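Asks: Turn this into a model:
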Amino acid sequence: MPPADDHRVDVHIDRLLAERGMTLTDLAARVGITLANLSVLKNGHARAIRFSTLTALCEVLDCQPGDLFTVARGAPPTGAGDGGDGGERKS
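Replies: Have a look, this model is predicted:
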């Protein structure tokens, strides 16, 4: 099994929040999850997401799962999510 952080899933929560003028704190409260858990998801470090959480995110953000997540082709991304942190992978 590959390491937990070795994935190519990009998380687009930051972009969706900006488009809707919403904060991460607002989203966490409306979805009913902790800010800490939402931050883990937003930064691409979550190992899994419950369908009930995915459903709530899509309802609050008025989007589809494909708007929240995409899978990058080729090599794993250099940074997690849309946070722009520019994190680098360590070999």
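Asks: Now do stretch 57-68, average pLDDT.
Replies: When pLDDT is averaged over stretch 57-68, the result is 98.
Asks: Straight-line length of that stretch, end to end?
Replies: 9 Å (C-alpha to C-alpha, to the nearest Å).
Asks: Provide the count of other residues in contact range of residue 73.
Replies: 6 (other C-beta atoms under 10 Å). Every residue, glycine included, has its C-beta placed from N, CA and C.
Asks: Checking it next. Helix, strand or coil?
Replies: Recorded secondary structure, residue 73: coil (DSSP: H, G, I helix; E, B strand; the rest coil).
Asks: any idea how far it is from residue 66?
Replies: Relative to residue 66, residue 73 is positioned 15 Å away (C-beta to C-beta, to the nearest Å).
Asks: cool, and residue 10?
Replies: 11 Å.
Asks: Counting neighbours, go ahead and name the busier of these two.
Replies: Using other C-beta under 10 Å as the criterion, residue 10 and residue 66 rank with residue 10 on top: 16 against 10.
Asks: And the helix or strand harbouring that one, what does it pack against?
Replies: Assigning secondary structure by DSSP states H and E places residue 10 in strand 9-11. If contacts are counted by 3 or more C-beta pairs under 8 Å, 6 or more residues apart in numbering; DSSP states H and E, strand 9-11 sits against strand 69-71.
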